[in-house]
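Student: model this:
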Amino acid sequence: MKQLIKNIAVFTCIFSIMVLFSSCSNEGFASNEQGFTVSNAEITLGLGETQQIYASIYPYKSEEEDVKWSSNKPDIASIEDEGTHHGISSGKITALSVGEATVTIESTVNSAKKGLFKVHVVEHTFNDLAQGENYSSDDLITYRVPDEYPQEGKPLFNISVNGKYTGVYTDINAWKNLVSFGYFDFTPGKEVEIAITVNKPFYSYKILPESSPVSSTQKGNIIYCKLKEADKTFSLVFNDDYKGNTLHVFANSIDLDAPTQSENGLVYFGPGYHDIAKIYGGNGKLSISGNRKVYIAGGAVVEGSIAVSGNGNVVSGRGILMKSTPNDLVITASYAKNVTCNGFIACSHRDGGWTFGMHEASNITVKNFKIVSSRYASTDGFDIVNSNNIQLSNVFIRACDDAIAIKGLINRLPAECPANENMLFENIQLWNDCNNAMCLGAETRAKWYDNIRFKDIDVIFSYDDRDHHTLLDERSVMTIVSLDGTYFRNITWENIRVNRCERLICLTFKDSFWFGSIQGNQSTEGGIDGVTFKNVGVSSNSGSSIANEILLNGWYGEGTPAKIIKNITFDNVTIEGKHVRSEQDTHLKTNNTAERKLVTNLNFK
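Tutor: Residues are numbered from 1 along each chain as shown. Just a heads-up that it's a prediction; the model follows:
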């Protein structure tokens, strides 16, 4: 009973809607001080759905006073009286057919005390439409969210494509707001109209990145978008609130070569929900090696992880690979070579862990790939460890830690460990709610870092840390942070478009990380020589003390080799429309002193 009263208090605090106050007056009460409050002024239900409604009598004088519920159209919406206790009454409404009914609430001892509210019965509710539908034609495929997918609260969006609804998936971000995403497939070149209905008031929206080929208009709470190009991703931010509720849309091309069943050398997951632990047993990990393939079809959600090793494996599809339990990554490529990952979505869902890891891997290609891992924290996107010849293209990453991190994690001196080298990251969209967008480090036990290029990158949002904002000096959009003495050379960031960030660039050496929890070792030689920032721009200012900062800190420590940062080129780097032209730029900071130059030969073009 106490719990019921507590629930009613919450309802009435939120809604508190007074309806049709009686004109009758009772002793001690004015005519506008008696009647009912109800938990909803009106409700909308889908066919077959039920909903509990609560009503509170005021003033309440006697246990003898009860409540009658009635529906004027019981064939559309029936009402079942579930009793009255201490003036609080509950009724259960059942939607039976499409239409509109009026439910009346009336006191059993004073018929002048009454109220009413509307019940709208529709074929599909907002929640139904957000669940999506399985639709397929030659030019369009939409997908329903499997019922087993663990959603986070009520949906805020639904997405229709040419009038067909595709499912919306949810997780939460560091600030406990919803991160939603949906996907569909269509024929490239055939324009689709995407209608996004928003179930919450908003006064502005942005479609990002600004280079997106999507055009849009708004009518009320619906945003209409048009798109011709396939294998594109766009994001919607509302009220300029990047920490708030956001939506990501993945518009894929139809996979004309998609398999339909498992066969020799191929593991196939069709539409629906699949639990790897239940299918294969063990700890929910599917291990593949030696020229095998895994296909995750559109409409599939695969719970578990995939571990790739050996030579020539392919993991592809249009569906979702999701890990919702701790102690493992979503997908790994360890001691693997000549591996391709293409087309599907990977999510570290309800799990604060890394998403895609590569360890001592070579010749790995990732294309048209999406990551949504928004939980705080340690939900890195890609962690590439002591690897070489890596290529990522047309990739979207939403992470709540490093979006891309290139690490050296072997427990030996850097000179004894495989190098990180020959990597290309191009045509990528990044969103990191914590740490770095693109990071070489922090652990850097690798022989060297060489020939690593980032090209044509859109950084939608990059934030340093939810709990320690502006206090950590190794976080930025483009970062080299070296905990272990080693060499960095031929590193390039080119055509980098930053929409919103905190610190812009950070090149630094440190002897510890994350408040001393991770220790470094600067006893070995190292340095940063030859880094180029070309056509880099950020047009906004977050307003923080580190907004758009460029921080360059070499290393000097007693008993350890100095680490010099040199030959750094800033070629057409603009901040809020102004070129960075010299070391005197107010955004640029170094740890140089009159006695010691640890940052030298900065070039500006």
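Student: Can I get the lengthiest strand in the chain in PDB? Just the C-alpha atoms.
Tutor: Assignment by DSSP state E gives strand 448-462 as the longest strand of the chain. In PDB, the C-alpha atoms belonging to strand 448-462 read as follows (Å, rounded to 0.1, in the frame of the first residue of the first chain):
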ATOM      1  CA  TRP A 448      58.400   2.700 -32.900                       C
ATOM      2  CA  TYR A 449      55.300   4.400 -34.400                       C
ATOM      3  CA  ASP A 450      55.900   5.100 -38.100                       C
ATOM      4  CA  ASN A 451      53.800   6.000 -41.200                       C
ATOM      5  CA  ILE A 452      50.500   6.500 -39.500                       C
ATOM      6  CA  ARG A 453      48.000   8.700 -41.400                       C
ATOM      7  CA  PHE A 454      44.600  10.100 -40.500                       C
ATOM      8  CA  LYS A 455      42.800  11.600 -43.500                       C
ATOM      9  CA  ASP A 456      39.300  13.000 -44.200                       C
ATOM     10  CA  ILE A 457      38.100  12.700 -40.600                       C
ATOM     11  CA  ASP A 458      35.000  14.400 -39.200                       C
ATOM     12  CA  VAL A 459      35.100  14.800 -35.400                       C
ATOM     13  CA  ILE A 460      31.500  15.500 -34.300                       C
ATOM     14  CA  PHE A 461      32.100  15.700 -30.600                       C
ATOM     15  CA  SER A 462      35.200  15.200 -28.500                       C
END
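Student: For the remainder of this discussion, apply numbering that starts at 47.
Tutor: Taking 47 as the first residue, the last one we looked at is strand 494-508.
Student: counting contacts, what elements does that strand pack onto?
Tutor: strand 278-284, strand 466-478, strand 484-491, strand 533-544 (3 or more C-beta pairs under 8 Å, 6 or more residues apart in numbering; DSSP states H and E). Yep, even glycine has a C-beta here, placed from its N, CA and C like the rest.
Student: Tell me which of those strands is the most buried.
Tutor: Mean neighbour count (mean count of other C-beta atoms under 10 Å) peaks for strand 484-491 among these, with a mean of 26.
Student: the inter-axis angle of it versus strand 533-544?
Tutor: With axes from the mean of the first three to the mean of the last three C-alpha atoms, to 10 degrees applied, the angle from strand 484-491 to strand 533-544 works out at 160 degrees.
Student: Check which helices and strands strand 484-491 sits against.
Tutor: Strand 484-491 packs on strand 450-455, strand 466-478, strand 494-508, strand 524-528, strand 533-544, going by 3+ C-beta pairs under 8 Å, 6+ apart.
Student: Try it again at 6 Å.
Tutor: strand 450-455, strand 524-528 (3 or more C-beta pairs under 6 Å, 6 or more residues apart in numbering; DSSP states H and E).
Student: Tell me which strands it pairs with, and in which orientation.
Tutor: Paired strands of strand 484-491, with direction, are strand 450-455 (parallel), strand 524-528 (parallel) (DSSP bridges).
Student: ok so, going back, would you format the helices and strands packed on strand 484-491 as a markdown table with mean neighbour count, distance to Phe232 and mean pLDDT included?
Tutor: Below are those laid out as a markdown table (neighbours: other C-beta atoms under 10 Å; distance: least, C-beta to C-beta, whole Å; pLDDT from 0 to 100):
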| stretch | mean neighbour count | distance to Phe232 | mean pLDDT |
| --- | --- | --- | --- |
| strand 450-455 | 24 | 29 | 98 |
| strand 524-528 | 27 | 34 | 98 |
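Student: Throw the strands paired with strand 484-491 into TSV and include distance to Ser380, thanks.
Tutor: Listed next are the strands paired with strand 484-491 as TSV, based on distance: least, C-beta to C-beta, whole Å:
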stretch	distance to Ser380
strand 450-455	11
strand 524-528	24
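Student: Of those strands, which is nearest Asn638?
Tutor: Closest to Asn638 of these, according to C-beta to C-beta: strand 524-528, at 17.3 Å.
Student: what angle do that closest one and strand 494-508 make?
Tutor: Interaxial angle of strand 524-528 relative to strand 494-508 (the same axes, to 10 degrees): 130 degrees.
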